[in-house]
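S.K.: below: sequence and its predicted model.
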Amino acid sequence: PMDRNGTPEPLTEYLTTVLAREGAAFVTRHQDRPWFLYLAFNAPHTPLQITDSLRERVQHITDETRRGYAGLVVSLDDAVGVVMNALRESDQVQNTLVFFLSDNGGPVSVTHSDNAPLRGAKGQVFEGGIRVPFVVSWPGRLPQGKDYAQPVSSLDIFATAAALTGAKVPGGHALEGVNILPYLTSERTGAPHEHLFWRTGGGTTYAVRAGDWKLVGNAKGETQLFNLAADIGESRDLAAQQPEVLARLRQAYADWNKDNVAPLFQ
């Protein structure tokens, strides 16, 4: 169901197209004052429903499931283009900070996506489930065509936006995100995060990353330790060889998790 400011609104068009048009209209409508737009496309996602025109553009893909998924990706690419064109046409590109990212890795068995050489898929805390495309664009401030190698998180978007706008963060709340802009401009060196944490499945699985080391654990007390610099596919468990690293990361997770709310869903 769709609604606009609390009022139900019938959906008669392809949703990705509708969201693109709404996003572009917002960008154009607010060009004379500061604005913030959170545009969460639901594509690509199941059900793998695509229009006839999209199907024609991916008809060369023989696998039916993968063809449907590819059509969704094409529709998203078109939609992002519509919003970016609105930025260009309203002369806002140079002064607009854009983040583009996915929320999780590909669900291999559902969409026939391929996360290789990463291990795992959506819903897991192996790299195939959590390492995603993360693109940042701000032509007036950031270098173009540059790869940033240090790990960052979607949580950093909030902290970065708050820092840039001078927004006050409510007292008593410790942000896990970091303002990553000084790192992207090379004003600051080193890693933005000492640790990154993940928890999923109602808390049944979790992961901790510190530098190149990554701990993967579960509620049963089973843990695996990987060095991502040497083993991006997380195929060699080094827990037995590196007990001190293992213990340090387990303690880091315990310290972080003790202040978390209980999982809201399984």
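M.R.: Okay, I see it. Numbers count the residues shown, from 1 in each chain.

S.K.: from here on, just use CA atoms for contacts and neighbour counts.
M.R.: Noted.

S.K.: where along the protein do the helices fall?
M.R.: 15-29, 52-57, 64-89, 108-111, 127-130, 155-165, 181-184, 243-257 (DSSP state H).

S.K.: report the angle between the first one and helix 64-89.
M.R.: Same thing as helix 15-29. 10 degrees (axes from the mean of the first three to the mean of the last three Cα atoms, to 10 degrees).

S.K.: how far does helix 15-29 sit from its chain's centre?
M.R.: 21 Å (Cα atoms, centre = their mean, to the nearest Å).

S.K.: how many residues are close by the nearest residue to residue 215 once chain neighbours are set aside?
M.R.: Nearest residue to residue 215, sequence neighbours excluded (Cα to Cα, 6 or more residues apart in numbering): residue 225, at 4.6 Å. For residue 225, the neighbour count with other Cα atoms under 10 Å is 26.

S.K.: could you check the pLDDT of residue 225?
M.R.: pLDDT, the model's per-residue confidence, is 98 for residue 225.

S.K.: which residues touch it?
M.R.: When contacts are counted by Cα atoms under 8 Å, 6 or more residues apart in numbering, residue 225 touches 213-216, 237-239, 246.

S.K.: how about a cut-off of 6 Å?
M.R.: With contact taken as Cα atoms under 6 Å, 6 or more residues apart in numbering, residue 225 is in contact with 214-215, 237-239.

S.K.: by neighbours, which of those wins?
M.R.: Neighbour-wise, the contacts of residue 225 (other Cα under 10 Å) top out at residue 215, 27 neighbours.

S.K.: who does it bridge with?
M.R.: Per DSSP bridges, the residues bridged to residue 215 are residue 208, residue 225.

S.K.: hmm, residue 206 and it touching each other?
M.R.: No: counting by Cα atoms under 6 Å, residue 215 sits too far from residue 206 to count as a contact (8.2 Å).

S.K.: if we can go back for a sec, can you put the contacts of residue 225 in JSON lines and add distance to residue 96 and pLDDT?
M.R.: JSON lines is the format used below for the contacts of residue 225 (distance: Cα to Cα, whole Å; pLDDT from 0 to 100):
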{"residue": "214", "distance to residue 96": "34", "pLDDT": "98"}
{"residue": "215", "distance to residue 96": "37", "pLDDT": "98"}
{"residue": "237", "distance to residue 96": "43", "pLDDT": "98"}
{"residue": "238", "distance to residue 96": "44", "pLDDT": "98"}
{"residue": "239", "distance to residue 96": "45", "pLDDT": "98"}
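
S.K.: residue 259: which of the residues you listed is nearest?
M.R.: residue 215 (19.4 Å; Cα to Cα).
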